[in-house]
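Visitor: Just need the structure, nothing else, for what follows:
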Amino acid sequence: MSRGKLFAITLTYIAVAALGALGLKLYFDRVDTPAYESRTATPSDTSVLFEDPDQVVKRVGRHILLPAGETPRVVSVSSVELLKKDQPFFQYAKNGDKLLVYSDKVILYNPDDDIVIDIAYIRPGEEGTATGSALPNY
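Guide: Purely as a prediction, here's the structure:
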């Protein structure tokens, strides 16, 4: 076997092994991913998976008056079918929708259609409960 053929075969095996390892990593990352993932709104967030939280807040602010002086937790919906099973708040949600979690309310926002889907109000002093819809327990 010539040296060039041996090099090409070795390079092919290395490429196949690397792609296999990448595939396994992506699979196991997906299996371990919770139904929703949280990000705190920070201007330095440059993740490809998550839109800039400050931009999400700004876009939602065009549709509804947001609490002044409070930075929400921005959460991305990633497994909507799991959430829909026992939480009616997510009945119209899609993967990729955003939740803005404030101290007194949660806003469900669809960034693709640029619409606010639902708002649930949290009773003061009773974390995890809502007056209109069921909320995810954090």
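
Visitor: now the helices for this structure?
Guide: With helices called from DSSP state H, the chain shows them at 3-31, 53-61, 80-86.

Visitor: Among those helices, which comes closest to residue 100?
Guide: helix 53-61 (5.9 Å; CB to CB). All C-beta spots, glycine's among them, are computed from the backbone N, C-alpha and C.

Visitor: about what we covered before: ranking the helices of the chain by burial, who's on top?
Guide: Greatest average neighbour count among the helices of the chain goes to helix 53-61 (a mean of 17), per mean count of other CB atoms under 10 Å.

Visitor: So which elements touch that helix?
Guide: Packed against helix 53-61 by the contact rule (3 or more CB pairs under 8 Å, 6 or more residues apart in numbering; DSSP states H and E) you find strand 73-77, strand 98-101, strand 105-110.

Visitor: Need those in JSON lines (columns: distance to residue 58 and mean pLDDT).
Guide: JSON lines is the format used below for the helices and strands packed on helix 53-61 (distance: least, CB to CB, whole Å; pLDDT from 0 to 100):
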{"stretch": "strand 73-77", "distance to residue 58": "11", "mean pLDDT": "90"}
{"stretch": "strand 98-101", "distance to residue 58": "11", "mean pLDDT": "93"}
{"stretch": "strand 105-110", "distance to residue 58": "11", "mean pLDDT": "94"}
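
Visitor: Distance to residue 52 and mean neighbour count added to these, as TSV?
Guide: As requested, the helices and strands packed on helix 53-61 are exported to TSV (distance: least, CB to CB, whole Å; neighbours: other CB atoms under 10 Å):
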stretch	distance to residue 52	mean neighbour count
strand 73-77	9	21
strand 98-101	11	23
strand 105-110	14	21
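
Visitor: Those strands into CSV, with extra columns for distance to residue 92?
Guide: Listed next are the helices and strands packed on helix 53-61 as CSV, based on distance: least, CB to CB, whole Å:
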stretch, distance to residue 92
strand 73-77, 11
strand 98-101, 13
strand 105-110, 8
